[in-house]
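**Student:** for reference, the sequence and a predicted model appear below.
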Amino acid sequence: MNLPGIADEEFIRDKVPMTKEEIRILTMCKAKIRPDNIIWDIGAGTGSLSIEAALLAPQGEVYAIEKKDLAVDLLHQNIAKFKLEDKVKIVATEAPKGLDELPNCDVVFIGGSGKHMFEILDIIDSKLSEGGRIIVNAVTIQTISEITTYMKQKENYTYEAIQVQVNRLRQIGSYDMFNAQNPVYIVTCKKQNKMN
């Protein structure tokens, strides 16, 4: 059984931001990925979430959507490093472009929306399975506002949010001190099953 939590150092990063290990672990727990899930990762960056998700869904597929050329190159490198070429498909475009052409999904990660959050969510809503989950990792209040405003208009979703602050131990000479990481908001939205 695979467990989330690949060490950050295992990923090829260059200058592309990456979801850190502790946030990835919590994100995967909130996603509740099943072995046969179809997963979208919008704003995939280095692919750290895509790779963790692919390892948790051996019979499923992951679609990594990314617009930046450097990040797309890193996605290819990291996917190859973890030997997941048959599991993770790269969609090199800026969402919402291309989302309509993807298969229906069970879990969606949003790490970046490029100011298209509402359009992206509309497409996700039309393609997300009942009981499916949308997990948004945000660093700005504006993103939190967008996702909660959208979800308040939907009767068939529930949502929750947590704010995570991670501090990592760092050695300075003979001393140990904690180095603060940027706080991250994790919003989990669940699409409800239709009542009979």
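**Tutor:** Great, that's in hand.
**Student:** just checking, N2 is part of a strand?
**Tutor:** No: going by DSSP: H, G, I helix; E, B strand; the rest coil, the assignment for N2 is coil, not a strand.
**Student:** surely it meets A54?
**Tutor:** No: in this structure N2 lies outside contact range of A54 using Cβ atoms under 8 Å: 9.4 Å. Quick note: C-beta positions are derived from backbone N, CA and C, even for glycine.
**Student:** who's more crowded, the two?
**Tutor:** Using other Cβ atoms under 10 Å as the criterion, N2 and A54 rank with A54 on top: 24 against 14.
**Student:** quick check: pLDDT value at the residue located most distally from the centre of the chain.
**Tutor:** What lies farthest from the middle of the chain is S174; by Cα atoms, centre = their mean that is 37.7 Å. Per-residue pLDDT puts S174 at 91.
**Student:** middle-most residue in this structure, spatially?
**Tutor:** Taking Cα atoms, centre = their mean, the centroid of the chain lies closest to F109, which sits 3.2 Å from it.
**Student:** what helix or strand is that one on?
**Tutor:** strand 105-110 (DSSP states H and E).
**Student:** how about that strand as PDB, C-alpha atoms only?
**Tutor:** Taking C-alpha atoms only, strand 105-110 is exported to PDB below (Å, rounded to 0.1, in the frame of the first residue of the first chain):
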ATOM      1  CA  CYS A 105     -13.200  13.000 -12.800                       C
ATOM      2  CA  ASP A 106     -13.500  11.900  -9.200                       C
ATOM      3  CA  VAL A 107     -10.900  14.300  -7.600                       C
ATOM      4  CA  VAL A 108      -9.700  17.700  -8.700                       C
ATOM      5  CA  PHE A 109      -6.700  19.600  -7.200                       C
ATOM      6  CA  ILE A 110      -6.600  23.300  -7.900                       C
END
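**Student:** what lines up beside that strand in the sheet?
**Tutor:** Here strand 105-110 has these sheet partners by DSSP bridges: strand 38-42 (parallel), strand 128-138 (parallel).
**Student:** for burial, what's the neighbour tally of G60?
**Tutor:** Look at G60: counted by other Cβ under 10 Å, it has 19 neighbours.
**Student:** which non-adjacent residue is nearest it?
**Tutor:** Of all residues not flanking G60 in the chain, N37 sits nearest, at 4.3 Å (Cβ to Cβ, 6 or more residues apart in numbering).
**Student:** list the contacts for that neighbour?
**Tutor:** Counting by Cβ atoms under 8 Å, 6 or more residues apart in numbering, N37 makes contact with A53, A57, G60, C105, D106, V107.
**Student:** dig out what the residue nearest to K30 when sequence neighbours are not counted forms beta bridges with.
**Tutor:** Nearest residue to K30, sequence neighbours excluded (Cβ to Cβ, 6+ apart): T188, at 4.5 Å. For T188, the beta-bridge partners are I135, E160 (DSSP bridges).
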